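Colleague: Sequence plus the predicted model coming up.
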Protein chains: 4
Amino acid sequence: MFIQLDFESKKPIYTQLKHEIIAGIARKDLSAGEALPSVRSLAADLGINLHTVNKAYQQLKQEGFILIHRQKGVVIHPDGVPEAGEDYYAELKETLRPSIAESICRGLSEEEYLSICQDIFKGFKEGEKK
Amino acid sequence: MFIQLDFESKKPIYTQLKHEIIAGIARKDLSAGEALPSVRSLAADLGINLHTVNKAYQQLKQEGFILIHRQKGVVIHPDGVPEAGEDYYAELKETLRPSIAESICRGLSEEEYLSICQDIFKGFKEGEKK
Amino acid sequence: MFIQLDFESKKPIYTQLKHEIIAGIARKDLSAGEALPSVRSLAADLGINLHTVNKAYQQLKQEGFILIHRQKGVVIHPDGVPEAGEDYYAELKETLRPSIAESICRGLSEEEYLSICQDIFKGFKEGEKK
Amino acid sequence: MFIQLDFESKKPIYTQLKHEIIAGIARKDLSAGEALPSVRSLAADLGINLHTVNKAYQQLKQEGFILIHRQKGVVIHPDGVPEAGEDYYAELKETLRPSIAESICRGLSEEEYLSICQDIFKGFKEGEKK
DNA sequence: GTGGTCTAGACCACC
DNA sequence: GTGGTCTAGACCACA
């Protein structure tokens, strides 16, 4: 598991960390039940604040990606991630709509856009090394 | 032209406004050279501050979607929007990657994801009413 | 004499008009004592407001480039333009300083910068057609 | 770092501030990676509004001179400023043309004009104290 | 503490 | 009337 953060991005650090862990699960680097580093050690490894790691973990727990045991530490949720529900579809569309709108304005065809999506899917399937 | 803002959303109002205008261009509600409302009148219509509208307009200008004349007001860029370049592709991928990662985790198949994209494209082609 | 205005520039129209007339004098298209169009006719020719032409003319008069006779109309100042004084040198430096600072930051050498200046001088000497 | 603003000037304050910072970089007072004062503290120091400082910073960021970290504050861009491109040359010429035109009208020779430019270059090289 | 966002109200330049 | 600038003060997100 390799986590790459961009401290100059406009995306908050905790969001980047969350996305990296989700990406790890998506490409099967992290599997159900597997242990994650403790808040403390991950913060030290990445050179970031404890609170930042904690915020990422709390949100991952909230969204069902991980479990946080007081003693056993942090593990990927053994039962897998909750399936997509109505809420998730709505949220996904809200994310994609502006992206697609801008792409249309900039002259991308539907085929090109879908092809970019497929490339990314392919990357996860092959277990891309970030 | 119908602009719908969600004041409860986490997305800044000026960003929502920007996206709504880009969506308007994408579905051809707004065409090249067409005039947009003045900063003040749009702010009044939407019940927001004129600086918020101005910020959205400034960013749209910056990204090549509109032109701002000191006196004549604001118009959709007559020459169309700059085509997608390297930067845009990179940015687009950065947007899509976390979205796709999460979808994979939540059990969406590639086909389902692409189908959602296609629906949104279809919406723009048909001139969806928001 | 050919005047080209850019209605989408951020420079005010009256400033552009002023600069075009000064450029005309610089490349000897307009010579001392020569008549300029009336405010009214120039405004009609260019498709701009009377006040805009008038403002340009007033500033040119103020700075000694033209004379405005109530009856005879507008003429290039017969005695030529006032020579550069202390004030002008100071103003010129204030204009050049930020331009040169940015050029240095962007990696232009002094030679390149001066060479650009020389090109522009050459353009005026050859009576460039804008 | 010493910033001098002229509140009587026609040039907007945020523009003056921007130019002062660029000048600071040009004469190596500010070097790559160096931290700049926070929006609030600089505003307090200069006796201006924090939004005015912010506007200057945003434009400097936009043009690649600085980086703005959400928490760490503002630093001179570590990779240096983007090199001059086609656009910059065009813009530079548009700036210089009116200046040179007026200088010709006022009787400055090409040599005098270039000599003034050289003086300003010299000033930056020697690390002029404003 | 930092910057980001939003509001409110003022005055000015331009046409 | 238009947008541009500046001020003032508020609350939030981030680390």
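Modeller: Everything's here; your move.

Colleague: what about stretch A:28-37 and chain B, touching?
Modeller: No: using C-beta under 8 Å from any C-beta of the partner chain, stretch A:28-37 never reaches chain B; the gap is at least 9.5 Å. To be clear about C-beta, it is placed using only N, CA and C from the backbone, and glycine gets the same treatment.

Colleague: avg pLDDT for that stretch?
Modeller: For stretch A:28-37, mean pLDDT is 91.

Colleague: Assign residue A:29 to helix, strand or coil.
Modeller: coil (DSSP: H, G, I helix; E, B strand; the rest coil).

Colleague: Distance of the residue in chain A that DNA strand F sits nearest to relative to chain C?
Modeller: Minimum separation of chain A from DNA strand F (C-beta to the nearest atom of the strand) falls at residue A:13, amounting to 3.2 Å. Per C-beta to the nearest C-beta, to the nearest Å, residue A:13 is found 30 Å from chain C.

Colleague: Identify the residue nearest that residue in space, chain neighbours excluded?
Modeller: residue A:52 (5.1 Å; C-beta to C-beta, 6 or more residues apart in numbering or on different chains).

Colleague: Domain boundaries for chain A, per the record?
Modeller: For chain A, the structural domains run A:13-76, A:86-125, going by automatic domain parsing.

Colleague: anything in the first one near DNA strand E?
Modeller: Read it as domain A:13-76. No: for domain A:13-76 and DNA strand E, the contact criterion (C-beta under 7 Å from any atom of the strand) is not met; the two come no nearer than 10.2 Å.

Colleague: How about the host helix or strand of residue A:122 and chain B, touching?
Modeller: For residue A:122, the enclosing helix or strand under DSSP states H and E is helix A:110-125. Yes: Helix A:110-125 is in contact with chain B by C-beta under 8 Å from any C-beta, via A:110, A:113-114, A:116-118, A:120-121, A:124.

Colleague: Can I get that helix as CSV, trimmed to CA atoms?
Modeller: Output in CSV follows, covering the C-alpha atoms of helix A:110-125 (Å, rounded to 0.1, in the frame of the first residue of the first chain):
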residue,chain,number,x,y,z
GLU,A,110,-19.2,11.0,-25.7
GLU,A,111,-17.0,8.3,-27.1
GLU,A,112,-13.8,10.0,-25.9
TYR,A,113,-15.3,10.7,-22.5
LEU,A,114,-16.4,7.1,-22.0
SER,A,115,-13.1,5.9,-23.3
ILE,A,116,-11.3,7.9,-20.6
CYS,A,117,-13.6,6.3,-18.0
GLN,A,118,-12.8,2.8,-19.4
ASP,A,119,-9.0,3.6,-19.1
ILE,A,120,-9.4,4.4,-15.5
PHE,A,121,-11.4,1.2,-14.9
LYS,A,122,-8.8,-0.7,-16.6
GLY,A,123,-6.2,0.8,-14.4
PHE,A,124,-8.0,-0.4,-11.3
LYS,A,125,-8.5,-3.9,-12.7
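
Colleague: contact partners of the lengthiest helix in chain A?
Modeller: The single longest helix within chain A, with elements called by DSSP state H, is helix A:86-105. The contact list for helix A:86-105, computed with C-beta atoms under 8 Å, 6 or more residues apart in numbering or on different chains, reads A:84, A:113, B:19, B:22-23, B:25-27, B:65, B:81, B:84, B:92, B:95-96, B:99, B:103, B:106, B:116-117, B:120-121, B:124.

Colleague: Distance check, residue A:69 against residue A:78.
Modeller: Distance of residue A:69 to residue A:78, computed by C-beta to C-beta, to the nearest Å: 11 Å.
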